[in-house]
Structure formats: structure tokens, C-alpha cells
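Colleague: I need the structure of the sequence given here:
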Amino acid sequence: MSDLEKSWTRAWSDLGVQSPSGLQDQLVAAYQEPQRHYHSLQHLIECLAHFDQVLGQAKCPGEVAIALWFHDAIYDVKGKSNEQQSADWAVSALSAAGADQATQDRVRQLIMATKHDAEASEPDQQLLVDIDLAILGAGPERFAEYDRQVRAEYSWVPGLVYNIKRKAVLKSFLGRKYIYSTKHFRELYEAQARSNLASLV
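Modeller: Numbers count the residues shown, from 1 in each chain. Sure, this is the predicted structure:
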């Protein structure tokens, strides 16, 4: 069984409901769409690997895992509602599987927390957002690859405009007291993330 299969099976087992038939294949196909360079299957696999390291810290591990699987399920490079549409898909799948309303609501909130327009306050949201942002603290080679991948997704944006907008986003992370909310990710990645971000702004 592949790592993806193990993650998928464990997530639905933790939720106590059965995965809808064919759903995993649909998600894997979505993460392999041609417009994706960073928000791709590579990113999903990296996120799930990070989650494996902190599984015991999650209050509701099945919900965090499913939220990770779905958090970039919809990715339109020019879209403004990717997280909302991804959350809608997750909730629809959970409903079809028979998950209760509270679970559906929490998974929606987890996915919406990855918009990064506000700092997460709920522990599982903090954990999920830190996982999503772990790439900022990657080693220099992977971080440089990530930077190229993001630029490729926005290849339609003129260079000058892109550089201004991109630097503003990166500076917003540097302006936070902490980039990472949890002790695990802060200790592992905070210093490297700040070094990586400072090199680009």
C-alpha cells in the first residue's frame, strides 16, 4: 500500500465512515491538473508526510487529514474562491459518506483556514496551517524550487506586477510575530523560513 493509500484509509477510519467510491482517484487527478506547478500532488504528498510527524497532536486527526486532502482540491490560478469550492467538495463528500454535521462544519473551517488571511486560533486549524506553510521553512534547494513553481502558476502575470504582489505576500508573513503557531513547526522551521523569505524581499 502506498503512503497515499495509507493516509487515505487511515483518515476515513478515524472519521468512522466509509470513503465514497472513486473519490481518492478524483482527488489525485485534480492535483495533477496541468495548471498546477506548486499546488500539485507533490504538495499534497509533502503535507501528508508532515502530518505523519505530528499525528498525535491533532485533536481530530481524521478531520485534519481529510482537510489536507481537500485543501487545494480546486485550484483555478485566477480564481478567488478556491478554498470555498474545495471546502464545498469536502463537505459534499463527507455528507455522502454519512459524517455528522459537526464533522462537516469543522472540516470546512479547517480548509477555510488555509486562506491565510487571518491567523488560526483553534489547535487543529493551527496544525493544518503550519503544515501548509512548512514549505516556507524548506531547505534552500526545495525552497528555490517552490519559488519557481509559484511563479510558473502565475506566468500570466507581468514580471513587475508579480514581483510587487509576491513581495507583499512574503513580507506579510515576515511581519508576524511567529510564522508558525505550533511548537513543533516553530522549532523546526521558523528560523529557516525567515531566512528564506528575507532572501526574496
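Colleague: using the three-state scheme, assign the residue of the chain most remote from its centre.
Modeller: Most distant residue from the mean C-alpha position of the chain: Leu160, 27.3 Å away (CA atoms, centre = their mean). Three-state assignment for Leu160 (DSSP: H, G, I helix; E, B strand; the rest coil): helix.
Colleague: can we start the residue count at 352 from this point?
Modeller: Right, with 352 as the first residue, what we last looked at is Leu511.
Colleague: that one and Lys528: what is the separation?
Modeller: 31 Å (CB to CB, to the nearest Å). All C-beta spots, glycine's among them, are computed from the backbone N, C-alpha and C.
Colleague: Leu548 - how many residues pack around it?
Modeller: 20 (other CB atoms under 10 Å).
Colleague: show me where pLDDT drops low in the protein?
Modeller: Low-confidence segments of the chain (pLDDT under 70): 352.
Colleague: ranges for the helices of the protein?
Modeller: Secondary structure of the chain by DSSP state H: the helices cover 354-366, 374-381, 392-405, 412-421, 433-448, 452-463, 474-484, 491-504, 510-525, 534-549.
Colleague: out of these, which is closest to Asp427?
Modeller: Counting by CB to CB, Asp427 lies closest to helix 433-448 out of the helices of the chain; the figure is 6.1 Å.
Colleague: what residues of the closest one count as buried?
Modeller: Buried residues in helix 433-448, counted by 16 or more other CB atoms under 10 Å: 433-434, 437-442, 444-445, 448.
Colleague: and the contacts of it?
Modeller: Applying CB atoms under 8 Å, 6 or more residues apart in numbering, the contact partners of helix 433-448 are 363, 366, 368-371, 374, 417-418, 420-427, 430, 454-455, 458-459, 462-463, 465-466.
Colleague: go on, stretch 402-414?
Modeller: Residues external to stretch 402-414 that are found in contact with it (CB under 8 Å, 6+ apart): 358, 361-367, 415-416, 419, 454, 457-458, 461, 474-475, 478, 482, 533, 535.
Colleague: which among the residues you listed count as buried?
Modeller: If we count by 16+ other CB under 10 Å, the contacts of stretch 402-414 have these buried: 358, 362-363, 365-366, 415-416, 419, 454, 457-458, 461, 475, 478, 482, 533, 535.
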